[in-house]
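Visitor: structure for the following, please:
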Amino acid sequence: MKQRLLLILVLLFLTIMGCSNRNDKNPNLNSLGYINMEPLPVTEVKFYSESVKRDMAINVVLPRGYDKSELCYPVLYLCHGLTSNYNEFKYVGVPEYLNLFDMIVVMVDVGNSWYVNWAKSENNQQNNFADHVCVDIINYVDTHFRTVAERNGRAINGISMGGFGAISLGLSNPDLFCSVGSLSGALGWAAQCRDHLEKGEKPFVIWEKIAEDTVSRYRDIDLEGYSTIKERTPAGQPFLTVEQADTVDPFKLVLQVPKEQLPHIYLDCGVSDFLFNSAKDFAKLLIENDIAFHYGQSEGTHEEDYWGRELSASIAVQYTVMLRNIWGYEFPRYDAWGR
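Guide: As a prediction, this is how the structure comes out:
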C-alpha cells in the first residue's frame, strides 16, 4: 500500500514538473487561453458604398480552415465606437478569440455617424450609414464570402457608439439579425438628441473641442479623405425632428417589435462606466416588459481593458445563438416524472 502511494506521488510530481517545463519553454501557453494558437489573420477590404457615395473599408476575419472547406459560415458584425474605426477590434483580442469559433467576423466602419441615415447632409455628402451597414456591407460580404446569408446566421455587436448602433440597427431590422449586442453602449443617445431638438438645439454628434481635429488618426487608419476626426464626422445633422430621433431609439424600438420577432439581446457594461446607468435603464425596461436577454456587469470603466475582457463572453454567446437558430431545433424537454 505504501509503495503504491509512493508511486502515485512520484507520478504526480513528474506530471507537475512536466507541465512546468513545457510552460517554461512556452510561457504564453497558459496566458493566451486559446490553446496557444496564433491570432487569425485580419484582412482589410475596400469597396465602393452606394449609400455613402465613397470608397469604404471593412476588416474581415475568416475562420480557421475556411480555404479548405466548402461550408457556409455565420457572420458576426462588429461596430466601433465614437472617434474610433474598423481597426479597433484588432486590439481587443478578437483575432485570438476567433480560434474558438467557426464563424466569419466583419469589423465595419461608419466614421462618427452614429450608424444612422442622416436627415441632412452638407458639403455634397451622402451619409446614409444605416444603409451602408445593413445593405452595402451585408450584400458585399454575402456576395464575396461563403456565409449563412439569412437572419439565422447573422449577429451584430458593438462598443460605445457601436453598442448603440448594433442595438438600433438590429431592432430596426429584426429580419436581418438573430442576435444583437452592446458593450458599454451609448443607448440613450437618440433620447438625448430628442431632448436637444425639443430645446431648439442641434443633436449631439461629437465634442466641439475635437470636431475640427484635422491631424489625429486612431488605430492605424489610412483611408484617403476619411482618416482624421474632421473628415470622419459627417457634415449636417442626424435628425431634424424628434420623430426622426425616435425611429432609431432602442428604448422605443424594442417595444415596437413583436416579441416573437425580436432578436436575442446581449447587454453588458462596467459598473464604473459613465454609461452604466443607460445599460441599467435598458435592462430595467426589458425586465418590466418580460423581454428575454443576457445581461452582464462587472467592475470596469469605459476603456479597452474592459472590452478586451468582456467581448469574448459576448462573442461566445452570440455564436451559440446563431448556431441554435441555424440548427432550427430545441433540445427535448426533460421530464423527471416520465409524463
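Visitor: which phi and psi does Ile287 have?
Guide: Here is the backbone geometry of Ile287 (degrees, to the nearest 10): phi -60, psi -50.
Visitor: number of nearby residues for it?
Guide: 11 (other CB atoms under 10 Å). C-beta: built from backbone N, CA, C; applies to glycine.
Visitor: how about the contacts made by it?
Guide: Residues counted as contacts of Ile287 (CB atoms under 8 Å, 6 or more residues apart in numbering): none.
Visitor: tell me how far it lies from Asp281.
Guide: The gap separating Ile287 from Asp281 is 11 Å, by CB to CB, to the nearest Å.
Visitor: what does Arg154 give?
Guide: Computed with CB to CB, the distance linking Arg154 and Asp281 is 27 Å.
Visitor: which of those two has more neighbours?
Guide: Regarding Arg154 and Asp281, a neighbour count based on other CB under 10 Å identifies Arg154 as having more, with 29 against 14.
Visitor: pull the number of nearby residues for Val242.
Guide: Quick note: Val242 (other CB under 10 Å) scores 16 neighbours.
Visitor: so what pLDDT did Glu38 get?
Guide: According to the prediction, Glu38 has pLDDT 86.
Visitor: and what about it, helix, strand or coil?
Guide: For Glu38, the secondary-structure state derived from DSSP: H, G, I helix; E, B strand; the rest coil is coil.
Visitor: would you list the phi and psi of it?
Guide: Dihedral angles phi and psi of Glu38 (degrees, to the nearest 10) take the values phi -70, psi 150.
Visitor: mind listing what it touches?
Guide: By CB under 8 Å, 6+ apart, Glu38 has no neighbours at all.
Visitor: for Asn99, see how far away it is.
Guide: Applying CB to CB, the value for Glu38 to Asn99 is 8 Å.
Visitor: identify the residue nearest the geometric centre of this protein.
Guide: In the chain, the C-alpha nearest the mean C-alpha coordinate belongs to Asn157, at 2.4 Å (CA atoms, centre = their mean).
Visitor: so Val105 makes contact with Glu96?
Guide: No. Under the contact definition of CB atoms under 8 Å, Val105 does not touch Glu96, with a separation of 11.7 Å.
Visitor: tally of neighbours for the residue lying closest to Asp175 once chain neighbours are set aside?
Guide: Excluding the flanking residues, the one nearest Asp175 by CB to CB, 6 or more residues apart in numbering is Arg151, at 5.8 Å. As a burial measure, Arg151 scores 18 neighbours (other CB under 10 Å).
Visitor: pull the contacting residues for Arg151.
Guide: Listed by CB under 8 Å, 6+ apart, the contact set of Arg151 reads 174-178, 325.
Visitor: drop anything exposed from the residues you listed.
Guide: With neighbours counted using 16 or more other CB atoms under 10 Å, the contacts of Arg151 contain these buried positions: 174, 176-178, 325.
Visitor: quick check on the residue nearest to the centre of the chain: phi, psi?
Guide: Asn157 adopts backbone torsions of phi -150, psi 160, taken as degrees, to the nearest 10.
Visitor: what's opposite it in the beta bridge?
Guide: In this entry, Asn157 is beta-bridged to Leu78, Gly181, by DSSP bridges.
Visitor: wait, it touches Ser182, no?
Guide: Yes. Using CB under 8 Å, Asn157 makes contact with Ser182 at a distance of 7.2 Å.
Visitor: between those two, what contacts are shared?
Guide: Residues touching both Asn157 and Ser182 (CB under 8 Å, 6+ apart): 163, 166, 266.
Visitor: settle this for me: the second one is touching Val180, isn't it.
Guide: Just to be clear, that refers to Ala166. Yes. With the criterion set as CB under 8 Å, Ala166 and Val180 qualify as a contacting pair; they are 5.5 Å apart.
Visitor: show me which of those two is the more surrounded one.
Guide: When Ala166 and Val180 are compared on other CB under 10 Å, the one with more neighbours turns out to be Val180, at 33 against 30.
Visitor: ok, the more buried one - contacts?
Guide: Val180 is in contact with 155-157, 166-167, 169-171, 263-266, counting by CB under 8 Å, 6+ apart.
Visitor: could you dump these into TSV with secondary structure added?
Guide: TSV is the format used below for the contacts of Val180 (three-state DSSP):
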residue	secondary structure
Ala155	strand
Ile156	strand
Asn157	strand
Ala166	helix
Ile167	helix
Leu169	helix
Gly170	helix
Leu171	helix
Pro263	coil
His264	strand
Ile265	strand
Tyr266	strand
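Visitor: can you pull the buried residues of stretch 81-100?
Guide: When burial is assessed from 16+ other CB under 10 Å, stretch 81-100 yields the following buried residues: 81-90, 92-100.
Visitor: now swap in stretch 124-143 and tell me
Guide: When burial is assessed from 16+ other CB under 10 Å, stretch 124-143 yields the following buried residues: 126-138, 140-142.
Visitor: what's it in contact with?
Guide: 45, 47, 49-53, 56, 58, 60, 75, 77, 79, 104, 106, 108, 110-111, 113-118, 121, 147, 149, 154, 165, 169, 172-173, 176, 234-236, 248.
Visitor: since that was my last question, I'll sign off now.
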